[in-house]
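Visitor: I would like the atomic coordinates for the input below:
(4 chains)
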Number of protein chains: 2
Amino acid sequence: MAKRKVGNALAFAVLGSLSERPMHPYEISTMLKARGKDVSIKLNYGSLYSVVSALDKHGYVEAVETLRDGNRPERTVYAITDSGRAEFEDWLTELIGTPEKDFSQLEAGLAYLPAFAPDRVVELLEKRAKVLEQQIAELVATHEALQVQQLPRLFWVESEFRLELLTAELKFARRLAAEIQADELEGTAFWRKGFEIVAERGINPGELFKDPLKYFGEEFAWLQHVPPEAK
Amino acid sequence: MAKRKVGNALAFAVLGSLSERPMHPYEISTMLKARGKDVSIKLNYGSLYSVVSALDKHGYVEAVETLRDGNRPERTVYAITDSGRAEFEDWLTELIGTPEKDFSQLEAGLAYLPAFAPDRVVELLEKRAKVLEQQIAELVATHEALQVQQLPRLFWVESEFRLELLTAELKFARRLAAEIQADELEGTAFWRKGFEIVAERGINPGELFKDPLKYFGEEFAWLQHVPPEAK
DNA sequence: AGGCGAATACTCGATTTCGAGTAATCGGGA
DNA sequence: TCCCGATTACTCGAAATCGAGTATTCGCCT
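Guide: Next comes the predicted model:
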């Protein structure tokens, strides 16, 4: 997949908006907000204008007129070109048909879980779970309101997907917290012990790994087999 | 939550690595790769060096020595400072305890689903599902290999989380494809009809919304109630 | 009538991000 | 031994990103 000339997701939304009808950038931003697309695609004024001019430079859109109302700033209206339409279709094909790795904040945090004591982690996970629960409730309420308004689900599938992700995250946070608390997550006993030793002896956590036998004894035999580059 | 001075997730990983022991940037990058953390946190050389120097500028890390081996480039070894340790803990607390919205590629694509004909979307979703299935199988295999190596699950929870997300995405893609195919997703009948009309009459899709009654008749009464700013 | 907060429409430049490029050394095979 | 590809370690400048700031006008309330 050759890299896109203009890669920002907002550029995709701009092409999508302009494929309906010509608009000026600010109008695009209002429409995205009115339709709630700004929840799915990060909208930022700075990026919006630079992205539009990048699309212009590459011939995906073109300025069709510049209006002036009294002393107000000019509004430059852009229209999508044929090559812009092609780019949009290619991009949408890719977005739907080809999974691309997204980096999530939680994943980054989980990668350093052992840096905190188990009980601290359990607390934090439970806090997260509570907030998630609330966010999920709000999303569900929004969906019900849309149902009442008779707007067909087709127009908010992206929000249903968000809901699935949030639900999966909640389930994971809950399960992980429970497993740590019950010492069911393999390695937790060792983790707990390590933090106790550090607290008792007042040593630096790094010390533990320099002479594991001394601190942990034979109980955690697997430590010997762990390749040195894996923590 | 006041904005972080250095916000890149890679900076978080740098602080996490240096809280184990002093290292030079390239060594950090190798360790992150060896431990597979680069799958959870995007690693890029350009960013690595600029992020380290930003951390240095703000006093979170400091250069402790500069080694030179023959003619090879200098290696500047950095150590974490007390304020860096505090920043790392605060950051980890936030990453685990507070859900932050991540933007996913698929969500952006779903927001423009009606731009393609229903059958095209079903095809793409099924293609995605196949790729996802494969990725999931690979992840599961990796986890089994880690089990065999006796590395406790504690050290790869982030990968288990990834697996949950991928699984949720697969389930969603499959269900959505099925619902569209069976006309169970509300709005699909209208969507299908719209694409047929466009194909038959050779008109621009935007036309449909200018005079819906003319094209769709009374069958899709809800169209009248939809606020004009919502597509 | 006129005051003021919200909405309109965009600009600007300081950071950040990126990844290809460079240049040296190591190590294993012919 | 000497060649070559992999590894080590980092640099550089172009491009993207951001969000606070500006200036005007609308419209509602008193």
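
Visitor: next, see if the helix or strand hosting A:E200 gets close to chain B.
Guide: Element membership for A:E200, per DSSP states H and E: helix A:188-201. Yes: Helix A:188-201 comes into contact with chain B (Cβ under 8 Å from any Cβ of the partner chain), by way of A:188, A:190-191. For the C-beta atoms, the positions are set from N, CA and C on the backbone; glycine is no exception.

Visitor: can you map out the strands along chain A?
Guide: Counting by DSSP state E, chain A has these strands, from start to end: A:61-67, A:75-80.

Visitor: for chain A, what lies in contact range of DNA strand C?
Guide: Neighbours of DNA strand C within chain A, by Cβ under 7 Å from any atom of the strand: A:3, A:24-27, A:30, A:45-46, A:49-50, A:69, A:72-76.

Visitor: and the gap between A:P152 and chain B?
Guide: From A:P152 across to chain B, the span is 3 Å (Cβ to the nearest Cβ, to the nearest Å).

Visitor: now for that residue: which residues touch it?
Guide: Applying Cβ atoms under 8 Å, 6 or more residues apart in numbering or on different chains, we find A:P152 in contact with B:185-187, B:190, B:222.

Visitor: I'd like to know which of those residues are buried.
Guide: Using 16 or more other Cβ atoms under 10 Å in any protein chain shown as the burial test, the contacts of A:P152 include B:185-187, B:190 as buried.

Visitor: just give me the closest of those to A:A34.
Guide: Set against A:A34, the nearest of these by Cβ to Cβ is B:G187 (18.1 Å).

Visitor: could you say what helices and strands the helix ranked longest in chain A packs with?
Guide: Longest helix in chain A by number of residues, with DSSP state H as the criterion: helix A:118-148. Contact here means 3 or more Cβ pairs under 8 Å, 6 or more residues apart in numbering or on different chains; DSSP states H and E; on that basis helix A:118-148 packs against helix A:157-181, helix A:188-201, helix B:82-97.

Visitor: of all those, which lies closest to A:F103?
Guide: Minimum separation from A:F103 across those (Cβ to Cβ) falls at helix B:82-97, 11.8 Å.

Visitor: now that closest one: buried residues?
Guide: Of the residues in helix B:82-97, B:84, B:87-88, B:91-97 count as buried by neighbour count, 16+ other Cβ under 10 Å.

Visitor: give me the subset of these that also touch DNA strand D.
Guide: Near DNA strand D, by the rule Cβ under 7 Å from any atom of the strand, you find none of the buried residues of helix B:82-97.

Visitor: of those, which is the nearest to A:A178?
Guide: Distance to A:A178, by Cβ to Cβ, is smallest for B:I96 among these, at 15.3 Å.

Visitor: touching, that closest one and A:E126? I think so.
Guide: No: under the criterion of Cβ atoms under 8 Å, B:I96 makes no contact with A:E126, lying 10.4 Å away.

Visitor: distance to A:A11 and mean pLDDT added to the helices and strands packed on helix A:118-148, as CSV?
Guide: Shown next, in CSV, are the helices and strands packed on helix A:118-148 (distance: least, Cβ to Cβ, whole Å; pLDDT from 0 to 100):
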stretch, distance to A:A11, mean pLDDT
helix A:157-181, 17, 98
helix A:188-201, 45, 89
helix B:82-97, 29, 97
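
Visitor: for these, give me JSON lines that also has distance to B:S17.
Guide: Below are these laid out as JSON lines (distance: least, Cβ to Cβ, whole Å):
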{"stretch": "helix A:157-181", "distance to B:S17": "23"}
{"stretch": "helix A:188-201", "distance to B:S17": "18"}
{"stretch": "helix B:82-97", "distance to B:S17": "10"}
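
Visitor: what comes up buried for stretch A:182-198?
Guide: Going by 16+ other Cβ under 10 Å, stretch A:182-198 has these buried residues: A:185-188, A:190-191, A:193-195, A:197-198.

Visitor: which of the buried ones among the contacts of A:P152 come close to chain A?
Guide: Contacts with chain A are made by B:185-187, B:190 out of the buried ones among the contacts of A:P152, judged by Cβ under 8 Å from any Cβ.

Visitor: of all the residues you listed, which comes closest to A:A178?
Guide: Among those, B:L185 lies closest to A:A178 (Cβ to Cβ), at 35.1 Å.

Visitor: which non-adjacent residue is nearest that closest one?
Guide: B:E179 (4.3 Å; Cβ to Cβ, 6 or more residues apart in numbering or on different chains).

Visitor: the one you found against B:E186, yeah?
Guide: No: using Cβ under 8 Å, B:E179 makes no contact with B:E186, being 9.3 Å away.

Visitor: check the residue of chain A found nearest DNA strand D and give its pLDDT.
Guide: Nearest to DNA strand D, among the residues of chain A, is A:G46, at 2.0 Å (Cβ to the nearest atom of the strand). The model reports A:G46 with a pLDDT of 96.

Visitor: now swap in the one 3 residues further on and tell me
Guide: Turning to A:Y49, the model gives it a pLDDT of 97.

Visitor: now do the contacts for the residue lying closest to it once chain neighbours are set aside.
Guide: Nearest non-adjacent residue to A:Y49, counting by Cβ to Cβ, 6+ apart: A:P25, 5.7 Å away. By Cβ under 8 Å, 6+ apart, the residues touching A:P25 are A:14, A:48-49, A:52, A:76, A:78.

Visitor: perfect, I'm done here.
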